[in-house]
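> generate a structure from the sequence data that follows.
(chains A and B)
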Amino acid sequence: GAVVSQHPSRVICKSGTSVKIECRSLDFQATTMFWYRQFPKKSLMLMATSNEGSKATYEQGVEKDKFLINHASLTLSTLTVTSAHPEDSSFYICSARDSSGNPNSPLHFGNGTRLTVT
Amino acid sequence: AQSVAQPEDQVNVAEGNPLTVKCTYSVSGNPYLFWYVQYPNRGLQFLLKYITGDNLVKGSYGFEAEFNKSQTSFHLKKPSALVSDSALYFCAVRPPSGSSASKIIFGSGTRLSIRP
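Here you go, the predicted model:
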């Protein structure tokens, strides 16, 4: 089945540094990938839609200069949390849908990245 | 505005008993509905979906869901719960636009706990 690989699974960084999270579709092409943030009370918040070869579309309230998204190829999207602060600590999840398939096919999710900013 | 509601934060069921996790939606037009499951520190896994056709949809791990248009509901069910079913369950809806870039709206999640 379709696999989405997300790396790293856990990262601890110091306040003020930047962290890059990678999301790869391993056996399919994805012109669109989605980045979510999951809060401790479990709700899943869509942060942005990553579009291959163009700018990401950010949801209202998400700072695009804070959360930089790059989708340089059909199989890779990256999320960079810039100048991280403790309040950015969270579980970040990416997802993708096979672009060549049915648009109603389900999303495939990465295993998430636990970011802790100290 | 399009939305998905999961009214229960937590559902507790004894192993072997039937379980139901509730979901209602508000979407203009005919929605595409999904259920996903999340195990601790993992991403979401697809369980089942309703696009069109039979209102009763069968999915992975013995789960099924019933689409009820009049009640705008898509409750997840399983006839006999297993302890291994304990996880976080998300209902999701995708507005019918036909585009693969259309975003999916997730409910707030329901934690299912199955006691032995």
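
> which parts of the chain are strands?
As the question left the chain open, I've gone with chain A. A:4-7, A:10-13, A:19-25, A:32-38, A:44-51, A:57-58, A:67-73, A:76-81, A:90-96, A:108-109, A:113-117 (DSSP state E).

> looking at chain B here, not the other one
B:3-5, B:10-14, B:19-21, B:24-26, B:32-38, B:44-50, B:56-58, B:64-68, B:73-78, B:87-94, B:105-106, B:110-115.

> redo those strands as CSV? Include mean pLDDT, mean neighbour count and distance to chain A.
Every C-beta, even on glycine, is put in place using the N, C-alpha and C of the backbone. Compiled in CSV, the strands of chain B are given as follows (pLDDT from 0 to 100; neighbours: other C-beta atoms under 10 Å in any protein chain shown; distance: least, C-beta to the nearest C-beta, whole Å):
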stretch, mean pLDDT, mean neighbour count, distance to chain A
strand B:3-5, 90, 16, 11
strand B:10-14, 97, 14, 10
strand B:19-21, 98, 20, 13
strand B:24-26, 93, 17, 16
strand B:32-38, 94, 24, 5
strand B:44-50, 93, 21, 4
strand B:56-58, 96, 14, 12
strand B:64-68, 96, 18, 13
strand B:73-78, 98, 21, 14
strand B:87-94, 93, 23, 6
strand B:105-106, 88, 20, 5
strand B:110-115, 96, 17, 7
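
> nearest to A:Cys23 among those strands would be which one?
strand B:44-50 (13.6 Å; C-beta to C-beta).

> name the helices or strands packed onto the closest one?
Counting contacts by 3 or more C-beta pairs under 8 Å, 6 or more residues apart in numbering or on different chains; DSSP states H and E, strand B:44-50 is packed against strand A:108-109, strand B:32-38, strand B:56-58, strand B:64-68.
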